[in-house]
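Colleague: Here's a sequence, model it:
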Amino acid sequence: MVVGLKWDLRLGLLSFVFVTLLVMGCEPQIKIASEGCVQCHQVSDDLDKGIEIAHLKQAITCVECHGGNPAASERGSAHVQEASRTISMEALAPSDVTTEELEHLAFINPTNYHTVDRACGSCHGQLVARSKRSMHATIAGLVNVPRFEKGVKAKRPPNQAIVATTNDEFIPSIAPRFTYKAQGGIGVPDITQTSTSAVSTIVDYTLSKACSSCHLWSAGPSTSEKDGLYRGSGCSACHFEYNNKGNSNSADPNATAIDRPVPNQHVLVRNPSDSTCQSCHNTSNRIGLSYFGIREARQGEDLSQAVVNNATMLGYAPGTLVIDEDGGDPTDSTPPDVHQSRGMRCVDCHFGNDVHGDGHIRPNMASATGIECEDCHGSAVKAVSLNEEGLTVTSAGNAFPYYVLTDEAGAERRNEDGSFIKKQRLRVEGTQVILTTLDGKERQVPQLVTRLGSRPSQDAHSLDNHGELECYACHTSWMPNHYLTELTMDLRASSLHPMTGEDSLGTLSRQSVLLGLNELYLGINVDGKIGTFMVDNQMITVLAPCSPDSVTPCDVDEGTLTPARKILNRYVGRSSEGRTGFSWRPSFAHTTATAQNTRKCETCHLLAGDRNLAKVREVFGFGASNSAYTFEDPSTGKTYNLTQFVDATGTSTVSLGTLLARPISPERLQRRLNLETP
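Modeller: Below you'll find the predicted structure:
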């Protein structure tokens, strides 16, 4: 049996079992039709007994999603039998899956992308098709950017996805810019017979294992060392909740016998919790951490006064995440995002096309995100208004979602014609803009145009002065800049490969070496606006087994039974353009500042006498002259200033693999520098 299948199989056998449901008026009623399933899973007229009803809005039988024989009364004949050539549900090649295996995969998890069309897709076909082309499915940014920066991929344009993806509806003449007809799927390089001098292949293999687990074709980890990362694949990745330990709290009497990880309950949720989003969005840009004011610990940092995680959290080992740096001091240097501190969830902002995609194959996460600050807060000259259809919409034209009004007893209210009484979550009521968040609270949304009291505030928000800036260029309070992170692949052991679901060569570890928190860097993002840039310089070390009597000496674990040598030692690489493989990218840190800790004018503008010139130049990427953040390349002996991403002429010195990302041009920058602040 393939490693990782055991828990998936039991998940299918005992936890992912749908029941038939009729919606009669407003009250759901159970229809006992799948008698064999009912006998074991104890579905009865008492909703508090037996497995939960997963889908409350439509009558669905067990076999419509999972297959099997509903007339059977014994497990062996009721369940879909295991395929003869058992594969893991994480296997990604649809062309390699037989009909027999598809039946088995559907039984394990009907929402897996191999089989979702006949399950969720039978009612939500268009939505499922779009989601397969979304960034959550293709992870085009994670696939293409590091490969280009490290020299594995020759050109910057993103022509690859985690699996081959095609948009059959693509019409070049009307498609948005930088969207694609198709992207080829990446493979897993075979390094068993690879020469150790084939650096590109070894790096590609390392990236395939390190950066390919967070997408909808794959489920989360199946080991206890990854608490907080558990999830399903396909639609269940977001719409079935897992708790931190991946164990079950289902009323199904069989649930206690199920090996974790499994969903918390057999309940489909419409709006995912923040912890579900965090299960993927906790590395790369670290948004799932930063939004809550959490960061990784610095190497060698004194944490005696800090509050840290005392158990594995989001896959991070105990003691490696700083939740509060100073044990309760009201001055927090890494505060949570102001929206989070006021009770907003991820899906209060990110909904519709932001999560399911708009049907187009896009190059990166930024280009797939359609909501902007102005969509809720308006601009310096105009409050939020309605479109021609009387709706509030995002900058990408995606209408804000509706919610159904309920009475005092919690029942959904209806009009005389039987339709539900609905309101948009973001709406204009008289002179006010109101947002109803998912916690049910109505919140008045401040409108920028009514908040510009003082002259400095007016100047700061003037479209003439700062119309080319993202709001968060000034309103980001802090950002985790990882000047050096070491990714180590140890080929002396093996572990599950997220792209195949099979045991494969190499185990991975990641260590933050140099971390900064308060530095601000600005560049041009994918929308052509000035926004924040994040540093995440990842160097790769690869260890291979070594014989003590080999010509090449062992340099790791010498004198032990398993010595090794570094076939790559802190490898940074270079792109095909000849620039270093250090990674700087546009990023919205999701650490929106309060009025008290918004960036000051002198952060980016010169004071009289140019007395802050050096600091201002750092913001735009010229580097700190006395930086403590340096790196000496072991292969060349060259020392790099890790705070620098442009040279004296304003030309990029690093790869900048994100399509359309670039430094601010010297001409544009000089206009900024010519404006002095008092």
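Colleague: pLDDT weak spots in the stretch 151-300 of the chain?
Modeller: Filtered on pLDDT under 70, the stretch 151-300 of the chain yields the residue ranges 223-225, 257.
Colleague: the strands in it, which residues?
Modeller: All strands of the stretch 151-300 of the chain, identified by DSSP state E, counting those that start in this stretch, fall at 160-161, 165-166, 182-185, 295-296.
Colleague: any chance of those strands in a markdown table, plus mean neighbour count and distance to T552?
Modeller: All C-beta spots, glycine's among them, are computed from the backbone N, C-alpha and C. Formatted as a markdown table, the entries for the strands of the stretch 151-300 of the chain read as follows, by neighbours: other CB atoms under 10 Å; distance: least, CB to CB, whole Å:
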| stretch | mean neighbour count | distance to T552 |
| --- | --- | --- |
| strand 160-161 | 22 | 34 |
| strand 165-166 | 18 | 42 |
| strand 182-185 | 17 | 35 |
| strand 295-296 | 22 | 34 |
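Colleague: Can you tell me which of those is nearest to P261?
Modeller: Proximity to P261 (CB to CB) singles out strand 295-296 among the strands of the stretch 151-300 of the chain, at 23.7 Å.
Colleague: And the residue nearest the centre of this protein?
Modeller: Geometric centre of the chain, nearest residue: H281, 3.5 Å, by CA atoms, centre = their mean.
Colleague: right, and it touches S275 too?
Modeller: No - with contacts defined as CB atoms under 8 Å, H281 does not count as touching S275, sitting 10.7 Å away.
Colleague: Find residues that contact each of those two.
Modeller: Common contact partners of H281 and S275 (CB atoms under 8 Å, 6 or more residues apart in numbering): none.
Colleague: For the strands of the stretch 151-300 of the chain, please prepare TSV with the additional fields distance to V428.
Modeller: Conversion of the strands of the stretch 151-300 of the chain to TSV gives the following (distance: least, CB to CB, whole Å):
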stretch	distance to V428
strand 160-161	39
strand 165-166	38
strand 182-185	40
strand 295-296	38
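Colleague: Out of those, which is closest to E64?
Modeller: Per CB to CB, nearest to E64 of the strands of the stretch 151-300 of the chain: strand 165-166, 27.2 Å.
Colleague: Show me what that closest one is packed up against.
Modeller: The helices and strands touching strand 165-166, judged by 3 or more CB pairs under 8 Å, 6 or more residues apart in numbering; DSSP states H and E, are strand 182-185.
Colleague: for the strand it packs on, packing partners?
Modeller: Contact analysis of strand 182-185 by 3+ CB pairs under 8 Å, 6+ apart lists strand 160-161, strand 165-166 as its packing neighbours.
Colleague: before we move on, back to that, and the residue nearest to the centre of the chain, what does it touch?
Modeller: Taking CB under 8 Å, 6+ apart as the contact definition, H281 lies against C214, I287, G288.
Colleague: And for F620?
Modeller: If you count contacts by CB under 8 Å, 6+ apart, then F620 has Y521, L522, G523, C604, V646, P663, I664, L669, R672 around it.
Colleague: Now, the residues you listed that are in strands?
Modeller: For the contacts of F620, the ones inside strands are L522, G523, with DSSP state E as the criterion.
Colleague: now the contacts of F620 as a markdown table including neighbour count, pLDDT and distance to N398?
Modeller: Formatted as a markdown table, the contacts of F620 follow (neighbours: other CB atoms under 10 Å; pLDDT from 0 to 100; distance: CB to CB, whole Å):
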| residue | neighbour count | pLDDT | distance to N398 |
| --- | --- | --- | --- |
| Y521 | 21 | 98 | 30 |
| L522 | 23 | 97 | 27 |
| G523 | 23 | 97 | 27 |
| C604 | 23 | 92 | 32 |
| V646 | 23 | 96 | 35 |
| P663 | 25 | 96 | 31 |
| I664 | 20 | 95 | 30 |
| L669 | 20 | 87 | 34 |
| R672 | 19 | 76 | 33 |
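Colleague: Can you redo the contacts of F620 as JSON lines, where the extra columns are distance to N254?
Modeller: As requested, the contacts of F620 are arranged in JSON lines below (distance: CB to CB, whole Å):
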{"residue": "Y521", "distance to N254": "53"}
{"residue": "L522", "distance to N254": "55"}
{"residue": "G523", "distance to N254": "54"}
{"residue": "C604", "distance to N254": "60"}
{"residue": "V646", "distance to N254": "60"}
{"residue": "P663", "distance to N254": "58"}
{"residue": "I664", "distance to N254": "60"}
{"residue": "L669", "distance to N254": "64"}
{"residue": "R672", "distance to N254": "64"}
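Colleague: farthest pair in the contacts of F620?
Modeller: Every pair in these was compared (CB to CB); the two farthest apart turn out to be C604 and V646, at 15.2 Å.
Colleague: Between its first and last residues, how far does stretch 326-337 reach?
Modeller: Using CA to CA, to the nearest Å, the gap from the first to the last residue of stretch 326-337 comes to 18 Å.
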